[in-house]
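1. what follows is a predicted structure for the sequence shown.
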Amino acid sequence: MAAATGRLSLQCEVIGADTTTIRSLDWDRSRFDIEFGLRNGTTYNSFLVRGERTALIDSSHLKFESTWLPLVQEQIDPKAIDHLIVSHTEPDHSGLIGHLIDLNPEIEIVASKVAILFLENQVHRPFKSRAVKSGEELDLGTNPASGVQHRFEFLSAPNLHWPDTIFSFDHGTGILYTCDAFGLHYCSDEVFDLDPGAIAPDFRFYYDCLMGPNARSVLQALKRMDGLPEIHTIAVGHGPLLRHHLSHWISDYRDWSSVRSQGESYAAVCYLSQYGFCDRLSQAIAHGIGKAEAQVQLVDLRATDAQELTALIGDAKAVVVPTWPAEADSDLQASIGTLLAALHPKQLVGVYDAFGGNDEPIDAVASQLRSQGQKEAFAPLRIRQLPDGQDYQRCEEAGTDLGQLLTRDKAIAAMKSLDGDLDKALGRLSGGLYVVTASQGENGSRRRSAMVASWVSQASFSPPGLTIAVAKDRAIETLMQVGDRFVLNVLRDDNHQPLLRHFLKRFPPGADRFAGVNTLEGVAAGGPVLGDALAYLSCRVDQRMEGPDHWIIYAVVEQGNVADADARTAVHHRKVGNHY
């Protein structure tokens, strides 16, 4: 059953005994938390489970107010819902909780202690609540029609990807409700993961953006899941529910998180949940660090207890700190004191503006940190307006620079590890010289980047296609997801040095890579065309294959032109094959 309003629609389907999902389909959403581009929209999934008593798991986004609430009322009288299980309080899942309380003031909200505190600041009305933690249960009793007992067991899953997250496991159906974890931004009419190939790229991109920065927390959650009976379905908060290829998805999370958690050096990126733009800005920084294959751990200064905070900060090789409220409450002041006491002189420290409206000045916070002897991880990230796409790009690029610092010794060791003869033989592989350009968004939300490339090859005739190897820590990689467009500019042999020198230099985070360069805007879809290039090819990313340190991008060529038919492509000859 479905009801539609423009490009927002609802889907209501039975997924288990006495269990129904209400999926809010947001077909045209193109960005999530601004910094993460979406190509397939997203969904916000909620669930209704009926035993002797009834529980609703999560609500929906506020934009579905006019359709979601009436559909729920078609399924059940809101006053007959005994419990609302809140997996976590991010607005896309909790946007209609206040409306449910208005319809049923007696509904009991079941959530983590932190989530209940967050909700008190969100809904601004009294409500009944019950705080739960790992191992505690909620028994809905046995449904008289099906004979199934719906007994929920809760698993604490902090930082996936908010500090308030809980999983809920229904022993009666074997369905595990995980909200953000294991989800993906993918909007379709398919309720389940029938076509794993279609959703795999979005599943991986979602993990990299939201779960990867908390790989240690992912592994802890997986350990708790291992203690459950057989899981039949993972009912996620975004995208199709996972049932038909469950072991594959769980294995991916385990493998990816194990790789990210290897070794001891990591960066602790601190934030203040629900303060200013801390959540989103910290995620952008953490995502950038992860792109450089460095380890990262997000740390909520509000929700992390003093002992764990001391350990996470003290063991980190780098610490990134937001500006905090000038008039912090006593609990937050205590956490800030714990943070400062845990720092030590050997660490790298960076600071970013939380843009909370009443922050301590960023220079005062940076000065306070420097007075303790820490080295600067990056220049203070100043946010002077509501954060836009360029601000998030700057934060991500600062994170990548920090990640490269953290992995520098590892990279140098890898360069020295190849056999001399093999290294020289690899160096005899030559390639052309190109500049890849990409641009997305408009005005303040526009994000642009560029890189020099030589690992480029034609890969197909029909349709015309090519491959590009893109290092994982390249800033432009974020703009080359499946479905994105970019421009491959072919450099000419007799005039390539100026462009080569310009695009090979190191740019500070957020710098305009095209300043002083002759560009032709609007000529090709995907990015600027370089006016001094020999030729250009406008391409659309069709597939991505992951290698150890590069993404192999296969793209379909949609448009192209040559400026000088008699000129030749610049060629790059290397001496060694283990670094650029």
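-> Thanks, I have it. Numbering: from 1, shown residues only.
2. for stretch 461-472, which positions count as buried?
-> Across stretch 461-472, burial judged by 16 or more other Cβ atoms under 10 Å covers Gly465, Leu466, Thr467, Ile468, Ala469, Val470, Ala471, Lys472. The way it works is simple: take the backbone N, C-alpha and C, and place the C-beta from them, glycine included.
3. can you check stretch 321-338 too?
-> For stretch 321-338, the neighbour count (16+ other Cβ under 10 Å) marks Val321, Pro322, Thr323, Trp324, Pro325, Ala328, Leu332, Ser335, Ile336, Thr338 as buried.
4. kindly report the same for stretch 497-516.
-> Buried residues in stretch 497-516, counted by 16+ other Cβ under 10 Å: Leu499, His502, Phe503, Phe507, Pro509, Gly510, Arg513, Phe514.
5. restricted to strands, list the buried residues of stretch 461-472.
-> Counting by DSSP state E, the buried residues of stretch 461-472 place Gly465, Leu466, Thr467, Ile468, Ala469, Val470, Ala471 in strands.
6. follow-up on the earlier one: redo the buried residues of stretch 497-516 as a markdown table? Include secondary structure, pLDDT and distance to Asp26.
-> A markdown table is the format used below for those (DSSP: H, G, I helix; E, B strand; the rest coil; pLDDT from 0 to 100; distance: Cβ to Cβ, whole Å):
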| residue | secondary structure | pLDDT | distance to Asp26 |
| --- | --- | --- | --- |
| Leu499 | helix | 95 | 41 |
| His502 | helix | 95 | 40 |
| Phe503 | helix | 94 | 37 |
| Phe507 | coil | 89 | 35 |
| Pro509 | coil | 89 | 31 |
| Gly510 | coil | 86 | 29 |
| Arg513 | coil | 93 | 32 |
| Phe514 | coil | 94 | 33 |
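7. with distance to Gly41 added, can I get the residues you listed in TSV?
-> What follows is the buried residues of stretch 497-516, written out as TSV (distance: Cβ to Cβ, whole Å):
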residue	distance to Gly41
Leu499	37
His502	37
Phe503	34
Phe507	32
Pro509	30
Gly510	28
Arg513	30
Phe514	31
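8. just name the closest of the buried residues of stretch 461-472 to Asp170, please.
-> Nearest to Asp170 out of the buried residues of stretch 461-472 is Lys472 (Cβ to Cβ; 38.4 Å).
9. coming back round to it: where is pLDDT lowest across the buried residues of stretch 321-338?
-> Scanning those for pLDDT, the smallest score is found at Ala328, 85.
10. now do the phi/psi pair for that residue.
-> phi -70, psi 150 (degrees, to the nearest 10).
11. check contacts around it.
-> Ala328 makes contact with Ile336, according to Cβ atoms under 8 Å, 6 or more residues apart in numbering.
12. any idea how far it lies from Ala342?
-> 17 Å (Cβ to Cβ, to the nearest Å).
13. then Gly350?
-> Separation of Gly350 from Ala342 (Cβ to Cβ): 16 Å.
14. neighbour count winner among the two?
-> The residue with more neighbours, out of Gly350 and Ala342, is Gly350; 26 against 19, by other Cβ atoms under 10 Å.
15. relative to Gly227, how far out is the more buried one?
-> As judged by Cβ to Cβ, Gly350 and Gly227 stand 38 Å apart.
16. so for the spatially most central residue of the chain, what's the pLDDT?
-> With distances taken as Cα atoms, centre = their mean, Cys209 lies nearest the centre of the chain, 2.0 Å away. In this model, Cys209 is scored at 85, pLDDT.
17. for His150, which residues are in contact?
-> Contact analysis of His150 by Cβ under 8 Å, 6+ apart lists 18, 49-51, 55, 139-143, 170-173.
18. biggest separation within these, which pair?
-> For these, the farthest-apart pair by Cβ to Cβ is Arg50 and His171; their separation is 15.3 Å.
19. so the two - more neighbours on which side?
-> Using other Cβ under 10 Å, the more surrounded residue of Arg50 and His171 is Arg50, with 24 against 16.
20. pretty sure the more buried one contacts Asn143?
-> Yes. Using Cβ atoms under 8 Å, Arg50 is in contact with Asn143, at 5.7 Å.
21. is Ile250 in a helix, a strand, or coil?
-> Secondary structure assignment for Ile250 (DSSP: H, G, I helix; E, B strand; the rest coil): helix.
22. tell me if I'm right that it and Leu219 touch.
-> No. Counting by Cβ under 8 Å, Ile250 stays clear of Leu219, with 11.9 Å between them.
23. mind showing which ranges of the stretch 401-550 of the chain have poor pLDDT?
-> Across the stretch 401-550 of the chain, residues meeting the criterion (pLDDT under 70) sit at 410-419, 443-445.
24. which residues in it form helices?
-> Using DSSP state H, counting those that start in this stretch, the helices of the stretch 401-550 of the chain run over 408-417, 420-426, 497-504.
25. tell me which residues in the shortest one are buried?
-> With burial defined by 16+ other Cβ under 10 Å, the residues of helix 420-426 counted as buried are Asp423.
26. helix or strand right after the host helix or strand of Thr338?
-> Using DSSP states H and E, the secondary-structure element containing Thr338 is helix 330-342. Next helix or strand after helix 330-342 toward the C-terminus (DSSP H and E): strand 348-352.
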